[in-house]
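In: from the sequence below, what's the structure:
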Amino acid sequence: MRFIGVATQYRMAEGLLAKRFWGLLEFYLEALSSQGLAYVLLPPQGPEALERILPHLDGLLLPGGGDVDPDRYREEPHPRLGEVSPERDEHELFLARYAAEKGLPTLGICRGIQVMNVAMGGTLYQDLEAQGFREIQHTEKSPPPALAHGMKLVAESPLARLFPPSFRVNSYHHQGIKDLGEGLKPIALAPDGLVEAVALDGHPLFLGVQWHPELIKDHWPLFGLLKV
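Out: Modelled structure (predicted):
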């Protein structure tokens with residue numbers, strides 16, 4: 001059975017303990033389990049600890065969450081920038097760069113694709129609507145599993161084994177890829193041209209998607225790509 005490390009999300013504890021607690025929404029765990037994958041959660045910790053853990057993993061999952069600090073790609077904050085977490089950014093950028101360098105199979109979802117892009121030197125739109133993307137709805141207001149817009153595959157990739165050339169996806173993000181990171185190629189686009197999926201040339205699986213497949217059971221086989 002393949003053993004997948006999953007970067008954690010966080011929430012603020014209520015009451016007297018005003019601290020973050022690190023965990024993961026259950027949808028991701030259900031999706032991984034459905035594909036016969038075992039998993040371990042990876043909260044932020046130092047590079048030395050991670051370098052001892054990561055060689056024992058068969059794959060990595062970078063889940064959704066808040067915004068990446070634009071300081072990470074040398075831009076000033078936009079007025080519509082959401083909450084950022086320096087600790088989470090540092091943790092996940094280290095994971096993404098390690099995975100890219102070592103050939104560790106990696107799947108990034110929503111924030112995850114954005115982290116992967118920034119890790120490879122790319123940049124982000126800090127707010128899609130404010131920066132000109134108004135043609136389609138990227139920040140879906142309806143609850144899952146509502147499908148917000150269509151998407152088209154534009155390059156050969158593992159996605160072609162799972163999906164038709166055009167299909168619909170959900171959409172719960174206000175940021176997106178602007179300049180692609182080094183070595184990344186776009187493999188799917190939204191109707192307005194926004195990059196919806198990327199892959200790293202020459203890597204066994206360094207795949208990021210902008211939608212949330214964990215919320216669509218028919219898309220759970222996407223997690224099975226981590227079995228490479």
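
In: check the nearest residue to Pro77 once chain neighbours are set aside and give its pLDDT.
Out: Using C-beta to C-beta, 6 or more residues apart in numbering and skipping residues adjacent in sequence, the residue nearest Pro77 is Pro70, 5.5 Å away. C-beta: built from backbone N, CA, C; applies to glycine. As predicted, Pro70 sits at a pLDDT of 98.

In: how close does Pro70 sit to Gly208?
Out: Between Pro70 and Gly208 the computed distance is 18 Å (C-beta to C-beta, to the nearest Å).

In: if we can go back for a sec, how many neighbours does the residue nearest to Pro77 have?
Out: Close neighbours of Pro70, defined as other C-beta atoms under 10 Å, add up to 18.

In: next one: the one 10 residues further on
Out: Neighbours of Arg80 under the rule other C-beta under 10 Å: 14.

In: all helices for this structure, in order.
Out: 26-34, 47-53, 86-102, 111-119 (DSSP state H).

In: may I see these arranged in a markdown table, with distance to Pro186, mean pLDDT and mean neighbour count as well?
Out: Output for the helices of the chain, formatted as a markdown table (distance: least, C-beta to C-beta, whole Å; pLDDT from 0 to 100; neighbours: other C-beta atoms under 10 Å):
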| stretch | distance to Pro186 | mean pLDDT | mean neighbour count |
| --- | --- | --- | --- |
| helix 26-34 | 24 | 98 | 17 |
| helix 47-53 | 29 | 96 | 11 |
| helix 86-102 | 17 | 98 | 19 |
| helix 111-119 | 10 | 98 | 27 |
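
In: since that was my last question, I'll sign off now.
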